[in-house]
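*Asks:* no letters, just coordinates:
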């Protein structure tokens, strides 16, 4: 969905219904902050792969 989005530096949204986030933010190298409800997430394969600047992460991963 946002794969290779180099301009994305922060993300805050309701993703409470998301079950498959595979590769969703892969290679978003400027993503620094993520704040979202991922309580339904079951597959997060490579979801944040190569997000080398991600320093703030706030989420519910209870279904992962």
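*Replies:* Good, I have the coordinates. Note that this is a predicted model, so its numbers are computed, not measured.
*Asks:* contact partners for the closest residue to residue 48 other than its chain neighbours?
*Replies:* Among residues not flanking residue 48 along the chain, residue 25 sits closest, at 5.3 Å (CB to CB, 6 or more residues apart in numbering). (C-beta placed from N, C-alpha, C; glycine too.) Remark: with contacts taken as CB atoms under 8 Å, 6 or more residues apart in numbering, residue 25 is in contact with 2, 3, 5, 8, 11, 31, 34, 47, 48, 51.
*Asks:* try residue 14
*Replies:* Contact analysis of residue 14 by CB under 8 Å, 6+ apart lists 36, 37.
*Asks:* could you measure from it over to residue 27?
*Replies:* Distance, residue 14 to residue 27, by CB to CB, to the nearest Å: 24 Å.
*Asks:* swap in residue 9?
*Replies:* In terms of CB to CB, residue 9 sits 14 Å off from residue 27.
*Asks:* so between these two, which is more surrounded?
*Replies:* Higher neighbour count among residue 9 and residue 27: residue 27, with 17 against 12, using other CB atoms under 10 Å.
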